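**Q** here is my input; please provide its structure:
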Amino acid sequence: MLRLLETSMRTVLLVAITFWTPSVMDAGWKAGLARVDITPAGSMWMAGYAARTTPSEGVEQPLFAKALVLADDSGTQIAIVTLDLIGIPRWLREDLASEASKKYGIAPEHLLLNASHTHCGPELREPLDSDTVNAAQRGAQAREYSQGLYAKLVALIGEAQKALQPAKVGYSHARCGFAMNRRLPTANGYQNSPNPDGPVDHDVPVLRIASEDGKTVRGLLFGYACHNTTLGFQKFCGDYAGYAQEYLEADHPGVQAMFVLGCGGDQNPYPRKTLELAQRHGRSLATAVETALETPFTDLTGSFKGAIQEAALPYEPIPSREEFEKRAGGKSTLEAQHARRMLKRLDEMGSLPASYPYLVQVLRLGDQLTLVGLSGEVVVDYSFRLQRDLKSQLRPGERLWIAGYSNDVFGYVPSARVLAEGGYEPYSSMLYGSRPASFAPEAEEVIVGRVLDIRRRLSDGSAR
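**A** The predicted structure follows:
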């Protein structure tokens, strides 16, 4: 009798599970939203400007991490996490993807992280040089903050998943004009100054997450391709991206606004350097999103597909040990510090890597939108190039959204054009990090080729 009862209970349980399978009972997309405050609890060293010599001095605006979890008709889920931070360490992406897969069933290829690149947030990296001012304190603060951040992000994804409910998701876009190319050609090469004749991407893509009947907006995911560098003071602040989110949420009570940074590696907000300007730019971007809300939206339907892969980005020929030794004793402090780092790595590892393991992610949000997530500080050329080269792969009416600063923000990713021109993004900036050389010109073809290949394989079902 007991055995019969156990068998009957198992049968009832099996029937119940089958009955409540999403594909059977809950056809249609679902969306869940959540946020968490990630503002440091006290003063700590800030990221973005090497010229800073003191820690933070208060909070102008709270910093947030926000999550959007989407589920398609079959129950397949995608998670997009946006962060009011300078960047995303590679280890954070890898550990979070692993935990989200184990704990929430979200596949690693379906998790996208994007950083706003505010230069008024906490420093996540430990100092590369032992002679850095307050190196021990900086390192300890970065470790403690990063560990707490990881725990918050794991919980955040879970909260967004718990909040899943039937939703109508649509795409539209508008334009915003305060970004300007910052690479000005001069007699002495390219300098970091406004260049009104340089390429710039004014597009503002918008994803609207609404109730199932479409009448109530619950979330707004929007993007722009511009450095988040209006400000450089000693207070924590989300800069223009933080204010755009704040204003949208104030104007639409109950809505969660999320910012995705595009290919803004060589774009700056102009004018800049005051809080009032950051707020003005934030209002301009929020107004662009409001404009998109007044335009027809394309409803997203169909299944989710995604893939994330490493592409080996080649470096230019790496200097010899003798050349690094020469630079280590040279007059340039920046070159000397970089050379000493490379010599230390040579002593420890015996050689230097010839390429960087670059992350490329492609997500198909149904049949109407493809979202490309590129790692690093990608310059604007990549947006224009991919919009052009991917056009033949898209379905009629399908749109393309290119995000930079995703999953691993390690430094600048110049195009072949920018590499040929020279200047800060392709060369000088590299000296602040741990890469042995600048990227080779063929790096652009490697990235574009990988995106095209993944998108094609997602269409024919062979991508992994």
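**Q** go through this structure and flag its longest helix.
**A** Assignment by DSSP state H gives helix 135-162 as the longest helix of the chain.
**Q** that one: which residues count as buried?
**A** Buried positions in helix 135-162, judged by neighbour count with 16 or more other C-beta atoms under 10 Å: 138-139, 141-142, 145-146, 149-150, 153, 156-158, 160-161. (Glycine included, C-beta is placed from N, CA and C.)
**Q** nearest to Gly219, of those residues?
**A** Using C-beta to C-beta, Ala160 comes nearest to Gly219 of the buried residues of helix 135-162, at 10.0 Å.
**Q** how much space between Lys66 and Pro436?
**A** 36 Å (C-beta to C-beta, to the nearest Å).
**Q** for the residue nearest in space to the middle of the chain, give me its contacts.
**A** Nearest residue to the geometric centre of the chain (C-alpha atoms, centre = their mean): Asn114, 2.1 Å. Contacts here follow C-beta atoms under 8 Å, 6 or more residues apart in numbering; on that basis Asn114 touches 80-83, 88, 260-261, 373, 403, 405-406.
**Q** re the thing from before, what is the longest helix of the chain packed up against?
**A** Contacts defined by 3 or more C-beta pairs under 8 Å, 6 or more residues apart in numbering; DSSP states H and E place helix 135-162 against strand 30-37, strand 64-71, strand 77-83, helix 90-104.
**Q** could you report the neighbour count for Cys422?
**A** Slight slip there: residue 422 is Gly, not Cys. When neighbours are defined as other C-beta atoms under 10 Å, Gly422 has 15 of them.
**Q** give the contact list for it.
**A** Gly422 makes contact with 189-190, according to C-beta under 8 Å, 6+ apart.
**Q** where's it relative to Gln147, distance?
**A** The gap separating Gly422 from Gln147 is 39 Å, by C-beta to C-beta.
**Q** ok, back up a step: for the helices and strands packed on helix 135-162, give me TSV that also has mean neighbour count and mean pLDDT.
**A** Listed next are the helices and strands packed on helix 135-162 as TSV, based on neighbours: other C-beta atoms under 10 Å; pLDDT from 0 to 100:
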stretch	mean neighbour count	mean pLDDT
strand 30-37	19	99
strand 64-71	25	99
strand 77-83	25	99
helix 90-104	17	98
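**Q** for His202, which of those is the nearest?
**A** Closest among the helices and strands packed on helix 135-162, once you apply C-beta to C-beta, is strand 77-83, at 20.7 Å.
**Q** got the angle for that closest one vs helix 90-104?
**A** Between the axis of strand 77-83 and that of helix 90-104 there is an angle of 140 degrees, by axes from the mean of the first three to the mean of the last three C-alpha atoms, to 10 degrees.
**Q** so which elements touch strand 77-83?
**A** Helices and strands touching strand 77-83, by 3+ C-beta pairs under 8 Å, 6+ apart, are strand 64-71, helix 90-104, strand 111-115, helix 135-162, strand 256-261, strand 304-314.
**Q** roughly how far out does the longest helix of the chain sit from the chain middle?
**A** 16 Å (C-alpha atoms, centre = their mean, to the nearest Å).
**Q** which element follows it toward the C-terminus?
**A** Sequence order places strand 165-175 as the next helix or strand after helix 135-162, per DSSP states H and E.
**Q** so what touches that following strand?
**A** Applying C-beta under 8 Å, 6+ apart, the external contacts of strand 165-175 come out as 26, 28-32, 70, 202-214, 218, 288-289, 291-293, 295-300, 365, 368-369, 399, 401.
**Q** mind listing which of these are in strands?
**A** Counting by DSSP state E, the part of these found in strands is 30-32, 70, 203-211, 218, 298-299, 365, 369, 399, 401.
**Q** quick one, which of those are buried?
**A** Using 16+ other C-beta under 10 Å as the burial test, the ones in strands among the contacts of strand 165-175 include 30-32, 70, 203-210, 218, 298, 365, 369, 399, 401 as buried.
**Q** could you look up the SS state of Pro317?
**A** Going by DSSP: H, G, I helix; E, B strand; the rest coil, the secondary structure assigned to Pro317 is coil.
**Q** how many other residues sit next to it?
**A** By the measure other C-beta under 10 Å, the count of residues near Pro317 is 10.
**Q** that one and Ser438 touch, don't they?
**A** No - here Pro317 does not reach Ser438: they are 10.2 Å apart, not a contact under C-beta atoms under 8 Å.
**Q** quick one: low-confidence parts of the stretch 1-150 of the chain?
**A** For the stretch 1-150 of the chain, the stretches with pLDDT under 70 are 1-27, 130-131.
**Q** ok, the stretch 301-450 of the chain next?
**A** For the stretch 301-450 of the chain, no stretch has pLDDT under 70.
**Q** would you list every one of the strands in it?
**A** In the stretch 301-450 of the chain, strands defined by DSSP state E, counting those that start in this stretch lie at 304-314, 355-365, 369-374, 377-378, 399-403, 412-413, listed in chain order.
**Q** and of the ones you listed, who's closest to Phe233?
**A** Per C-beta to C-beta, nearest to Phe233 of the strands of the stretch 301-450 of the chain: strand 377-378, 21.8 Å.
**Q** now that closest one, how far from the chain's geometric center?
**A** Relative to the centre of its chain, strand 377-378 is centred 10 Å away, using C-alpha atoms, centre = their mean.
**Q** do stretch 337-350 as well
**A** In terms of C-alpha atoms, centre = their mean, the centre of stretch 337-350 is found 30 Å from the chain centre.
**Q** for stretch 358-372, same thing?
**A** Its chain's C-alpha centre and that of stretch 358-372 lie 13 Å apart, by C-alpha atoms, centre = their mean.
**Q** returning to that earlier point: could the helices and strands packed on strand 77-83 be laid out in CSV, adding distance to Tyr171?
**A** Below are the helices and strands packed on strand 77-83 laid out as CSV (distance: least, C-beta to C-beta, whole Å):
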stretch, distance to Tyr171
strand 64-71, 13
helix 90-104, 24
strand 111-115, 16
helix 135-162, 20
strand 256-261, 13
strand 304-314, 14
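**Q** out of these, nearest to Pro40?
**A** helix 135-162 (6.1 Å).
**Q** tell me the angle that closest one makes with helix 90-104.
**A** 30 degrees.
**Q** the inter-axis angle of helix 135-162 versus strand 64-71?
**A** Going by the same axes, to 10 degrees, helix 135-162 makes 30 degrees with strand 64-71.
**Q** of the buried residues of helix 135-162, which pair is most distant in space?
**A** Every pair of the buried residues of helix 135-162 checked by C-beta to C-beta; the farthest is Arg138 and Gln161, at 34.7 Å.
**Q** circling back: the longest helix of the chain to strand 30-37, inter-axis angle?
**A** Note on geometry: by the same axes, to 10 degrees, helix 135-162 and strand 30-37 are set 150 degrees apart in direction.
**Q** could you give the angle of helix 135-162 to strand 111-115?
**A** Interaxial angle of helix 135-162 relative to strand 111-115 (the same axes, to 10 degrees): 130 degrees.
**Q** now the nearest residue to Tyr104 once chain neighbours are set aside: how far from Arg183?
**A** Excluding its sequence neighbours, the residue lying closest to Tyr104 (C-beta to C-beta, 6 or more residues apart in numbering) is Gln161, at 5.4 Å. Counting by C-beta to C-beta, the separation of Gln161 from Arg183 is 42 Å.
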